[in-house]
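Asker: Give me a 3D structure for the following:
(one chain, ligands or ions: 2)
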Amino acid sequence: MYTSVADQTTEQLGGPLSVLVRQKRDHVRLNALLEQLRGTSGETQADVLLHIYRLVFPHAFAEESVLWPVMRRVLPDGGELTLEVEREHQEVNELVQKLEGLPDGSTERADVLGRLAEVLDDDVRDEEDSLFPRLQARVSRRELQVLGVLWEVVRRIAPTRAHPVVARRPPGNVVAALPLSVLDRGRDAVDHALLGAPGSLVPALHRISSALARAAHAVELLPMMRSGEDPSTRYVAGRPPFPWAAVLVCLAAAGLVGAGARRVLRRNG
Ligand SMILES: [Fe+2]
Ligand SMILES: [Fe+2]
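Answerer: Numbers count the residues shown, from 1 in each chain. Ligands and ions are numbered 1, 2, ... in the order given. You can find the predicted model right below:
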């Protein structure tokens with residue numbers, strides 16, 4: 001029988017650098033945030049949700065791109081085990097996307113929030129009680145520490161918002177990481193500024209936040225972002241149209257980079 005990560009000390013889990021210690025720490029923080037979320041509404045709820053997104057999405061992204069490929073390699077049933085948690089992650093992405101269109105105080109919003117807390121809790125239990133103890137039995141303390149450092153690096157640069165269309169597996173999620181992370185983190189800063197901003201600035205900040213959300217959605221619709229996806233975690237809300245907007249965003253970004261490079265060359269030449 002395996003001992004849950006929840007019942008092991010830092011030393012037993014491989015020391016402070018170990019991926020298991022880092023996972024457990026994030027899971028404890030998530031639990032506290034879910035407690036805070038209960039019974040909230042309006043700006044308070046929006047603030048707690050922002051903290052939850054910033055914790056959960058980079059955390060899960062780094063699991064999908066760093067840890068689950070290792071689980072699939074070292075465990076005979078790693079494919080099935082990781083697919084189960086990928087489905088949970090996919091449901092979290094879909095629930096959060098749904099939540100963004102639901103009015104404050106509605107019954108449907110309360111139901112979606114309840115389900116979100118339930119799936120996040122199931123995900124933590126599956127990882128701490130089943131997946132991680134089995135990984136621990138297969139790899140050395142040193143490997144747990146190396147995985148911990150890799151996972152932490154990816155977590156710090158990963159997207160921070162729900163992207164249900166993007167593959168839950170490499171290479172799609174890895175390709176999506178950089179553009180989505182830049183757009184998501186920009187949106188986080190704007191949404192954070194919105195909380196408590198003077199009334200005159202609110203409409204402009206809302207417009208910037210929506211534009212960043214639309215740009216991220218356009219990027220996630222690029223076909224390459226879905227490569228590597230298992231059919232059971234594919235987003236099924238209709239067939240997405242050809243992402244012309246993403247093409248325009250990429251062309252505009254390339255144009256800006258080119259103009260900047262020309263200016264630097266002119267200055268130095
Ligand atoms: Fe986790
Ligand atoms: Fe997870």
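Asker: quick one: contacts for whichever residue of the stretch 151-269 of the chain sits closest to ligand 2?
Answerer: Nearest residue of the stretch 151-269 of the chain to ligand 2 (C-beta to the ion) works out as residue 168 at 10.5 Å. Yep, even glycine has a C-beta here, placed from its N, CA and C like the rest. Contact analysis of residue 168 by C-beta atoms under 8 Å, 6 or more residues apart in numbering lists 64, 86, 89-90, 229-230, 233.
Asker: So how do I select the buried members of those in ChimeraX?
Answerer: Burial among the contacts of residue 168 is assessed by 16 or more other C-beta atoms under 10 Å; the matching ChimeraX selection reads:
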select :64,86,89,90,229,233
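Asker: Double-check residue 175 against residue 228; I have them as touching.
Answerer: No: here residue 175 does not reach residue 228: they are 9.3 Å apart, not a contact under C-beta atoms under 8 Å.
Asker: Those two: who's more crowded?
Answerer: Neighbours per residue, other C-beta atoms under 10 Å: of residue 175 and residue 228, the larger number sits with residue 175, 18 against 15.
Asker: Leaving out chain neighbours, which residue sits closest to that one?
Answerer: With sequence-adjacent residues excluded and distances taken as C-beta to C-beta, 6 or more residues apart in numbering, residue 175 is closest to residue 224, at 5.5 Å.
Asker: same check, this time on residue 37
Answerer: Residue 37 sits nearest to residue 48 (C-beta to C-beta, 6+ apart), 4.8 Å away.
Asker: Please apply the same query to residue 161.
Answerer: residue 184 (4.3 Å).
Asker: Is that neighbour within a helix or a strand, and which one?
Answerer: Secondary structure from DSSP states H and E places residue 184 in helix 172-194.
Asker: cool, and residue 200?
Answerer: Residue-wise, residue 200 maps onto no helix or strand under DSSP H and E.
Asker: While we're on it, how confident is the model there?
Answerer: Note on residue 200: pLDDT of 92.
Asker: Tell me which residues touch the most centrally placed residue in the chain, please.
Answerer: Centroid check for the chain by C-alpha atoms, centre = their mean gives residue 57 as the closest residue, at 1.9 Å. By C-beta under 8 Å, 6+ apart, residue 57 lies in contact with 158-163, 184.
Asker: where does the closest residue to residue 188 other than its chain neighbours land in three-state SS?
Answerer: Spatial nearest neighbour of residue 188, excluding adjacent residues (C-beta to C-beta, 6+ apart): residue 160 at 5.7 Å. Under DSSP: H, G, I helix; E, B strand; the rest coil, the three-state class of residue 160 is coil.
Asker: residues near residue 160, how many?
Answerer: 19.
Asker: hang on, it packs against residue 54?
Answerer: Yes: using C-beta under 8 Å, residue 160 is in contact with residue 54, at 5.1 Å.
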